[in-house]
Every structure is written in C-alpha cells, then in structure tokens.
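J.: structure for this input, please:
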Amino acid sequence: MAHKCLLDSITKVVVNVIELKDGANWSPPSGTELAPQDNGNIGDTWDGTQFVPPPPPPDPEPTPIDANGAAPNVIG
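T.: The predicted structure follows:
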C-alpha cells in the first residue's frame, strides 16, 4: 500500500490523503491530481518542491469583563 496526497489541481492544496495498492489501476477525480511526494497532510499546500502547512488560526478576541469579573451577557 502506498500513502498518496490528493491535490486540488488549481490551488495545489491537499484535499485528501489516500492509500493505494501498489500497481492499482486508479485515476484521481476530475479537478484533482496526485502529489509527487507522499508526506503531506490535508490542508497543506504543495509549493512545487515541498508541502507547506497552513498558517495557524488567529488568536480569539479576548472577552471583555465587567468590574465584577463577569463577561457581559450579549444576545444578538
């Protein structure tokens, strides 16, 4: 079995990681392609020579607190 990374053909982002039997007669779905290396993860981008992980998500905004140390109850 071979671990393979399936890329979006336009963005080169890994959209799936699959296992293929050696010599399998399989073609990637339309709009996708197999990466030339097999060490990527879903969400990584193939830059032509290596996989680059996505940037980390931004830190959440701090929740304001009132003078009593409680967060305001805001609806809507």
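J.: could you tell me the end-to-end distance of stretch 18-35?
T.: Using C-alpha to C-alpha, to the nearest Å, the span of stretch 18-35 from its first residue to its last is 11 Å.
J.: actually stretch 31-39, not the one I typed
T.: Rule used - C-alpha to C-alpha; the end-to-end distance of stretch 31-39 is 21 Å.
J.: so where's the protein uncertain?
T.: Within the chain, the stretches with pLDDT under 70 are 66-67, 69-76.
J.: centroid-nearest residue for it?
T.: Geometric centre of the chain, nearest residue: residue 43, 1.3 Å, by C-alpha atoms, centre = their mean.
J.: just the strands in this structure please.
T.: Under the criterion DSSP state E, the chain contains strands at 2-8, 14-20, 32-34, 45-46, 51-52.
J.: mean neighbour count added to those strands, as a markdown table?
T.: The C-beta positions use only the backbone N, C-alpha and C, and glycine is treated the same way. A markdown table is the format used below for these (neighbours: other C-beta atoms under 10 Å):
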| stretch | mean neighbour count |
| --- | --- |
| strand 2-8 | 17 |
| strand 14-20 | 14 |
| strand 32-34 | 15 |
| strand 45-46 | 18 |
| strand 51-52 | 16 |
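J.: residues touching residue 34, list them.
T.: 4-7, 28 (C-beta atoms under 8 Å, 6 or more residues apart in numbering).
J.: 7 Å instead, please
T.: Listed by C-beta atoms under 7 Å, 6 or more residues apart in numbering, the contact partners of residue 34 are 4, 6, 28.
J.: gap between the residue nearest to the second one when sequence neighbours are not counted and residue 62?
T.: Once flanking residues are discounted, residue 6 sits nearest to residue 16: 4.3 Å by C-beta to C-beta, 6 or more residues apart in numbering. Spatial separation of residue 16 from residue 62 under the definition C-beta to C-beta, to the nearest Å is 36 Å.
J.: then residue 14?
T.: As judged by C-beta to C-beta, residue 14 and residue 62 stand 33 Å apart.
J.: and what of residue 17?
T.: Distance of residue 17 to residue 62, computed by C-beta to C-beta: 36 Å.
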